[in-house]
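Student: structure, please.
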Amino acid sequence: MEQVIKIELLGETFKFKSEENRKNLKEILSYLMSELHKVEEQFPPHALKTNKLAIVVMTALNISKQYIELTNSHSDFLETVSSRTLKLDEMIDKR
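Tutor: Residues are numbered from 1 along each chain as shown. Take a look at the predicted model:
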């Protein structure tokens, strides 16, 4: 079911439509806000108003980095599981 979501980022309100279920959406927005606050903490208070775009870009880069690291880790995990599965199959076939 499509719903209109309203979120406030860096003093500005954004509205968008989403078909995501409410539980997932809450987790997504909570994660985004957490990452945004981590970046905001790196800026001096007087720079928060003038560097909004930099804060958003740094947040996006941090989340992108986490995504790539997680994707690589997942790929490594799948390769390990696949390799072990093949070895187990070979062991079973030998019996």
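Student: just to be sure, I7 is in a strand?
Tutor: Yes - counting by DSSP: H, G, I helix; E, B strand; the rest coil, I7 falls inside a strand.
Student: need the three-state assignment for E20.
Tutor: E20 is classified as coil under three-state DSSP.
Student: count the neighbours of it for me.
Tutor: Using other Cβ atoms under 10 Å, E20 has 14 neighbouring residues. Just so you know, the C-beta spots here come from the backbone N, C-alpha and C atoms, and that holds for glycine as well.
Student: for it, grab phi and psi.
Tutor: phi -60, psi 140 (degrees, to the nearest 10).
Student: show the pLDDT at the closest residue to it other than its chain neighbours.
Tutor: The shortest distance from E20 to any residue other than its chain neighbours is 6.9 Å, reached at I28 (Cβ to Cβ, 6 or more residues apart in numbering). In the predicted model, I28 carries a pLDDT score of 92.
Student: helix or strand right after the strand or helix carrying I28?
Tutor: If you go by DSSP states H and E, I28 is part of helix 22-40. Per DSSP H and E, helix 22-40 leads on to helix 52-94 as the next helix or strand towards the C-terminus.
Student: quick check: mean pLDDT of that following helix?
Tutor: Helix 52-94 comes out at a mean pLDDT of 95.
Student: thinking again about what came up before, tell me how far the residue nearest to E20 lies from E2.
Tutor: Distance of I28 to E2, computed by Cβ to Cβ, to the nearest Å: 16 Å.
Student: the more surrounded of these two?
Tutor: For I28 and E2, the more surrounded residue by other Cβ under 10 Å is I28, and the numbers stand at 13 against 7.
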